[in-house]
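Q: Need coordinates for the following:
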Amino acid sequence: MPNFKARIEEMEGMGDFELSLNQTENGQAITVEYYNGDSEEIIVPTSFNGIPVAAIGSSFTLSSREKITKIILPEGITSIDSHVFLDCINLIGITLPNSLSSIGRYAFSRCEKLTKIMLPKGLVHIGHDIFSGCSSLTEIIVDENNPVYASDKGVLFDKNMTTIIKYPQGKKGDYSIPDTVVEIEDNAFDGCKELTRIIFPPGLIDNENFFGCEQLAEIIVNGNNPEFSSIDGVLFDKDGKDLFMYPPGKDNTEYHVPDKVIKIWCSAFNECKNLTNIIFPEGLKNIEAGAFNDCEGLTAITLPMRLLYIGKKAFNGCSNLKTITLSRKTKTGYKAFEGFSGQLVYRD
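A: The predicted structure follows:
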């Protein structure tokens with residue numbers, strides 16, 4: 001029999017759910033396509049007319065359903081499509097079945113009241129940023145029998161704990177990355193507003209910009225790390241020549257960039273709103289894109305005469321920055337001064 005998918009217009013017992021019937025070489029299964037009800041608690045049925053429910057389709061999306069607080073998915077569900085529970089801002093609990101094998105991207109994004117979630121043993125695929133914007137999430141727990149993922153202290157890892165996949169955005173305080181970790185996935189720490197200090201282990205060789213970690217005040221690097229170093233809580237490469245990140249929660253108002261630094265990386269000072277003055281070394285060669293994005297406290301800066309390059313939108317969002325003093329010989333990238341409305345003052 002050929003594969004096909006058909007909308008079910010009428011089915012006894014379908015209640016508030018709209019469905020589609022899927023026929024494959026393995027038999028028949030139902031995808032839940034839409035929910036028409038207004039209950040606070042949604043219980044998805046196991047089957048309809050004896051045909052098992054196997055998937056939650058992308059069109060089922062409960063986006064912006066503010067009334068929903070709890071969702072129970074039955075055994076037999078194998079997949080949840082992308083964006084399905086996006087913006088369920090009052091969702092506080094969801095039960096995921098052991099049969100679940102795949103969750104699509106942004107599936108739980110911006111579920112602002114979700115504090116804890118249990119990932120089942122059958123889950124083998126997680127889409128991009130499924131927990132982005134979950135500002136109250138403090139704990140991600142993984143079934144110990146899961147073959148692909150693991151959790152430790154509420155943080156989501158791959159099974160071997162060599163990669164951090166997601167640090168819960170609502171988790172508070174300091175965090176010491178386990179010694180087994182060598183990589184951090186993109187956006188793993190984005191929006192972690194309660195994170196105050198992070199410690200890099202000796203094996204970590206992957207840099208992560210901690211966007212939205214507004215209380216992060218200190219980054220500490222193990223002295224045996226071959227790639228990174230830290231000076232006064234600021235993250236550098238091992239030789240101290242590349243400045244990767246100045247923590248946005250650091251309460252200093254003035255910062256002297258060390259004399260060894262020749263490059264300031266993309267977004268290195270992103271949202272460092274406490275800084276009112278930055279002093280640059282004469283040996284500085286490059287400032288990359290967005291390096292000083294949203295540094296609202298800066299009013300004037302003087303760049304080195306030997307600075308070679310300023311990247312795209314390097315000073316975007318510096319709303320109080322009135323003057324940038326620099327050399328005419330300094331080259332600028334595409335839209336290097338876009339977002340800067342002050343005056344350029346040349347030193348030569």
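
Q: Apart from its chain neighbours, what residue comes closest to Lys238?
A: Nearest-residue entry for Lys238: Ser229, 5.4 Å, with adjacent residues in sequence omitted and distances by C-beta to C-beta, 6 or more residues apart in numbering. C-beta here means a position set from N, CA and C on the backbone, and glycine is covered the same way.

Q: now Thr59, what's its secondary structure?
A: Actually, residue 59 is Ser. It isn't Thr. Under the three-state scheme (DSSP: H, G, I helix; E, B strand; the rest coil), the conformation of Ser59 reads as helix.

Q: Grab the nearest non-local neighbour of it.
A: Taking C-beta to C-beta, 6+ apart, and ignoring the residues beside it in sequence, Ser59 has Glu33 as its nearest neighbour in space, at 5.0 Å.

Q: so what does the helix or strand in which that neighbour is found touch, helix or strand wise?
A: Using DSSP states H and E, the element containing Glu33 is strand 27-35. Other elements packing on strand 27-35 under the criterion 3 or more C-beta pairs under 8 Å, 6 or more residues apart in numbering; DSSP states H and E are strand 4-8, strand 17-24, strand 51-56.

Q: contacts for stretch 186-193?
A: Stretch 186-193 is touched from outside by 129, 132-133, 135, 164-169, 171, 195, 198, 208, 210-216, with contacts defined as C-beta atoms under 8 Å, 6 or more residues apart in numbering.

Q: Then stretch 113-126?
A: With contact meaning C-beta under 8 Å, 6+ apart, stretch 113-126 is reached by 78, 89-103, 108, 131, 134, 136-149, 151, 156, 165, 170.

Q: Tell me where the stretch 1-150 of the chain has strands.
A: Under the criterion DSSP state E, counting those that start in this stretch, the stretch 1-150 of the chain carries strands at the ranges 4-8, 17-24, 27-35, 41-43, 47-48, 51-56, 70-72, 79-80, 93-95, 102-103, 116-119, 125-126, 139-142, 149-152.

Q: can you list the ones you listed in JSON lines and add distance to Tyr309 and mean pLDDT?
A: Below are the strands of the stretch 1-150 of the chain laid out as JSON lines (distance: least, C-beta to C-beta, whole Å; pLDDT from 0 to 100):
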{"stretch": "strand 4-8", "distance to Tyr309": "54", "mean pLDDT": "48"}
{"stretch": "strand 17-24", "distance to Tyr309": "55", "mean pLDDT": "78"}
{"stretch": "strand 27-35", "distance to Tyr309": "52", "mean pLDDT": "82"}
{"stretch": "strand 41-43", "distance to Tyr309": "54", "mean pLDDT": "88"}
{"stretch": "strand 47-48", "distance to Tyr309": "62", "mean pLDDT": "82"}
{"stretch": "strand 51-56", "distance to Tyr309": "49", "mean pLDDT": "87"}
{"stretch": "strand 70-72", "distance to Tyr309": "51", "mean pLDDT": "92"}
{"stretch": "strand 79-80", "distance to Tyr309": "45", "mean pLDDT": "92"}
{"stretch": "strand 93-95", "distance to Tyr309": "48", "mean pLDDT": "93"}
{"stretch": "strand 102-103", "distance to Tyr309": "42", "mean pLDDT": "96"}
{"stretch": "strand 116-119", "distance to Tyr309": "44", "mean pLDDT": "97"}
{"stretch": "strand 125-126", "distance to Tyr309": "38", "mean pLDDT": "96"}
{"stretch": "strand 139-142", "distance to Tyr309": "41", "mean pLDDT": "98"}
{"stretch": "strand 149-152", "distance to Tyr309": "41", "mean pLDDT": "98"}
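
Q: possible to save these as a markdown table with distance to Phe244 and mean neighbour count?
A: Shown next, in a markdown table, are the strands of the stretch 1-150 of the chain (distance: least, C-beta to C-beta, whole Å; neighbours: other C-beta atoms under 10 Å):
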| stretch | distance to Phe244 | mean neighbour count |
| --- | --- | --- |
| strand 4-8 | 48 | 11 |
| strand 17-24 | 48 | 18 |
| strand 27-35 | 45 | 18 |
| strand 41-43 | 44 | 15 |
| strand 47-48 | 53 | 16 |
| strand 51-56 | 40 | 20 |
| strand 70-72 | 40 | 16 |
| strand 79-80 | 36 | 22 |
| strand 93-95 | 37 | 17 |
| strand 102-103 | 31 | 20 |
| strand 116-119 | 31 | 18 |
| strand 125-126 | 27 | 16 |
| strand 139-142 | 26 | 18 |
| strand 149-152 | 25 | 18 |
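
Q: ok so, going back, wait, the residue nearest to Ser59 sits on Asn22?
A: No - checked against C-beta atoms under 8 Å, the pair Glu33 and Asn22 is beyond contact range at 10.9 Å.

Q: Residues that sit against both of those two, list them.
A: Among the neighbours of Glu33, none is also in contact with Asn22 (C-beta under 8 Å, 6+ apart).

Q: Sketch out the low-pLDDT regions of this structure for me.
A: Along the chain, the model assigns pLDDT under 70 to residues 1-15, 24, 61, 63-65.

Q: Swap in 50 and give it another go.
A: Within the chain, the set of residues satisfying pLDDT under 50 comprises 1-6, 9-13.

Q: Tell me how it divides into domains.
A: Taking automatic domain parsing as the domain assignment, the record places the domains of the chain at 1-137, 252-348.
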